[in-house]
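Chemist: sequence plus the predicted model coming up.
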Amino acid sequence: MTERKTKHDTFIIERQIPQSPTRVFNAFSDPTAKARWFSGPAGQWQENLRQADFRVGGRERLVGTWQGGKTSSFDAYYLDIVPDERIVYAYAMEIDGTPISVSLATVEFQPAGAGTRLIITEKGAFLDEFVDGGGREQGTRTLLDRLAVSLGTETVDA
């Protein structure tokens, strides 16, 4: 029998983006815009399912298969949305149907001159045998790099 255990981790990532909070918020809230940057790595991951209902109480789901055959899923529930200012959501991740983590994430969009100071705070619970080793934070940083490309700009760590 597998020993049940939980490991907690928190990280905060801040980026300066030379686009308005409205434009950056749209990249998170519009399903078409988000699909441009929020996915697994090209050539290593194949999207199987994408669903988005961006509203308080709405859900988002993304499922894909990795080159080695494992299937990963992201299932989010939106708890709070303040347009152009804040998104709070909880999400669970699974690999091949086995839960690996549950997280609470907050995305803040703060005006910074003509651009945006983007702040992502995440508190995760990593379950049982899953060892993250900082991968979630690095994956989020990679997604933010892809967000910048989708906005036609660069971001700078704040």
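Modeler: Received the coordinates, thanks.
Chemist: now P21: phi and psi?
Modeler: phi -50, psi -40 (degrees, to the nearest 10).
Chemist: now V88
Modeler: Dihedral angles (degrees, to the nearest 10) for V88: phi -120, psi 130.
Chemist: with V56 instead?
Modeler: When read as degrees, to the nearest 10, the backbone of V56 gives phi -60, psi 130.
Chemist: give me the neighbour count for the residue nearest to Q67 when sequence neighbours are not counted.
Modeler: Spatially, and ignoring its direct neighbours in sequence, Q67 is nearest to Q44 (5.3 Å; Cβ to Cβ, 6 or more residues apart in numbering). To be clear about C-beta, it is placed using only N, CA and C from the backbone, and glycine gets the same treatment. A total of 10 residues lie near Q44 under the criterion other Cβ atoms under 10 Å.
Chemist: pretty sure Q44 contacts W66?
Modeler: Yes: the pair Q44 and W66 passes the contact test of Cβ atoms under 8 Å, sitting 6.4 Å apart.
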